[in-house]
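A.B. asks: Below are the sequence and a predicted model; questions follow.
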Amino acid sequence: MHRSSTNWSLNDDIIGEVLCRLPGKRLVSCKRVSKTWKSLISSPSILRAHFERSQHPSAIFVEQYDRGNFSLTFVNLDKKNTIKSLYFLPQEVDLVGSSNGLLCCTSSCNRFLYICNPLSEEWVAIILRPERSTVTNTNIGFAFYPFGSSLLNPNPCFKLVCLHRTKLGNNYNNDPNNYVYSFWVYTSETGEWRRSKDVCPRGNFRIRKNNVIFVRNRFHWLTGEHHIITFDVETELSSVIKLPGRVMQLNDLDMGRGGICLGASSGFLHYVCSHPSEIRVWELKDYGEISDEWVLKYNLNLNIDLVMEIKERFGLGCHVLEKFDELVKVEDETVANYLFSSLAYSEEVVFMKVDTVVFSYDFRSRELKERYYLVQFHGVPLTDPTVIPYTICLAAAGVLKEIKNGKEIVNSSTEQEPKRRKYI
């Protein structure tokens with residue numbers, strides 16, 4: 001007895017509705033069931049439906065670097081196992097950011113950018129072409145469009161934007177008016193770097209490492225001067241946005257530590273700040289022509305909500321409690337809290353370092369989870385680890401193979417590989 005095509009279509013619709021609700025890794029396993037399932041899961045409708053439902057991070061990359069020691073670990077948030085990662089790349093790399101299943105890294109010599117899929121181990125290398133002679137600070141934004149950047153460009157592509165802080169003439173006194181910020185744009189569609197015509201208003205901003213957020217078609221760079229530099233990839237116009245709340249005291253050493261960070265949730269930019277006794281989360285509701293609309297979304301009391309729970313459940317050390325007791329006595333809210341150091345924020349979840357452990361706290365469920373024990377190097381670390389949230393995206397599978405190699409995309413294996421950094 002044969003089933004009608006209508007029944008087959010109905011069954012496919014039901015199966016598709018179930019499949020798009022599964023976690024990314026489980027859905028990858030389902031491809032092995034049969035050719036029919038593989039074809040169904042690879043269909044554009046399933047890929048898009050799964051993408052829209054799966055914005056929550058499924059893993060984090062934790063990068064530690066201190067006094068020549070280096071550790072890079074992939075931490076699966078669904079399981080307790082961790083994996084040493086990115087060994088398939090031909091050179092040692094530093095993390096830049098992630099976007100919809102792809103990861104962006106830079107080689108230690110800053111000559112190449114690597115765009116890779118850590119699950120399939122596919123990668124492409126891009127030569128950094130922007131002029132470097134007058135650049136004193138560079139920070140890179142990365143965005144991957146699994147379903148195209150617009151209706152006119154429906155094919156998967158990615159974009160990169162390099163923010164360049166350039167000194168104009170002699171600037172021995174660090175005159176803020178003698179620094180200008182320009183933007184270099186790269187798209188996988190053209191395979192070329194070009195300099196944008198727009199220049200950001202002059203200033204003397206210190207760009208914080210590994211905290212570039214892409215949301216609403218804009219890149220956002222967090223600075224140490226209580227401002228954000230933004231760049232719209234469609235209009236190619238930049239702006240400077242003032243952060244909400246108190247201006248935090250951040251010296252040059254603090255630029256390599258947590259305490260403040262940017263993140264994204266439900267398509268909105270978020271700003272997280274660790275104060276002496278609480279963690280505050282602000283949401284940018286709208287970009288205003290005169291002023292921007294920030295709203296205080298969460299106010300997490302550390303003493304009530306976290307400290308005792310960490311002590312009882314995870315055995316927080318007495319030395320940390322003593323330091324916290326002293327810190328909460330500080331009435332100056334401009335002092336950053338590095339005992340509960342905010343490192344990353346994604347979809348209502350903050351990742352923070354407490355002593356030698358990375359925790360996650362979900363503001364919706366009020367659930368605290370222990371995620372990763374940091375590698376212990378010799379001596380007290382001078383910087384906090386970099387935490388990059390990563391979301392599995394099925395639509396990213398095979399994309400890097402399909403992107404045609406342009407003049408700027410190279411096979412870095414033809415280059416002389418530098419000596420690998422020692423991984424711990």
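C.D. replies: Everything's here; your move. Just so we're clear, the structure is a prediction, and the values are computed from it rather than from any experiment.
A.B. asks: Let me know the pLDDT of Arg420.
C.D. replies: According to the predicted model, the pLDDT of Arg420 comes to 49.
A.B. asks: what do you get for the one 3 residues further on?
C.D. replies: pLDDT, Tyr423: 44.
A.B. asks: and what of Ile392?
C.D. replies: The predicted local confidence for Ile392 is 85.
A.B. asks: what helix or strand is Tyr345 on?
C.D. replies: strand 340-346 (DSSP states H and E).
A.B. asks: starting at the chain centroid, how far to the very next helix or strand once past that strand?
C.D. replies: Scanning forward in sequence from strand 340-346, with DSSP H and E defining helices and strands, the next element found is strand 349-354. Relative to the mean C-alpha coordinate of its chain, strand 349-354 is positioned 14 Å out (Cα atoms, centre = their mean, to the nearest Å).
A.B. asks: hey, C-alpha coordinates of the strand holding Tyr345 in PDB?
C.D. replies: This file holds the C-alpha atoms of strand 340-346, laid out as PDB (Å, rounded to 0.1, in the frame of the first residue of the first chain):
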ATOM      1  CA  PHE A 340      32.800  39.400  39.800                       C
ATOM      2  CA  SER A 341      34.200  40.400  36.500                       C
ATOM      3  CA  SER A 342      31.700  40.600  33.600                       C
ATOM      4  CA  LEU A 343      33.300  39.100  30.500                       C
ATOM      5  CA  ALA A 344      30.500  38.500  28.000                       C
ATOM      6  CA  TYR A 345      26.800  38.800  27.500                       C
ATOM      7  CA  SER A 346      24.500  37.000  25.100                       C
END
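A.B. asks: Now do that strand against strand 349-354, angle only.
C.D. replies: On the basis of axes from the mean of the first three to the mean of the last three Cα atoms, to 10 degrees, strand 340-346 is oriented at 150 degrees to strand 349-354.
A.B. asks: what's the burial count for Ala395?
C.D. replies: Neighbours of Ala395 under the rule other Cβ atoms under 10 Å: 20. No exception for glycine: its C-beta is placed from N, CA and C like everyone else's.
A.B. asks: That one belongs to a helix?
C.D. replies: Yes. With the criterion set as DSSP: H, G, I helix; E, B strand; the rest coil, the secondary structure at Ala395 is a helix.
A.B. asks: Skip the chain neighbours and tell me the closest residue to it.
C.D. replies: Here the nearest residue to Ala395 in space, its sequence neighbours aside, is Pro146; by Cβ to Cβ, 6 or more residues apart in numbering that works out to 3.6 Å.
A.B. asks: Pull the contacting residues for that neighbour.
C.D. replies: When contacts are counted by Cβ atoms under 8 Å, 6 or more residues apart in numbering, Pro146 is found next to Leu47, Phe51, Asn100, Gly101, Pro156, Cys393, Ala395, Ala396, Val399.
A.B. asks: what about the fifth one, distance to Ile241?
C.D. replies: Taking Cβ to Cβ, to the nearest Å as the measure, Pro156 falls 30 Å from Ile241.
A.B. asks: Looking at these two, which one has more neighbours?
C.D. replies: Looking at Pro156 and Ile241 with other Cβ under 10 Å, you find the greater number of neighbours at Pro156, namely 22 against 19.
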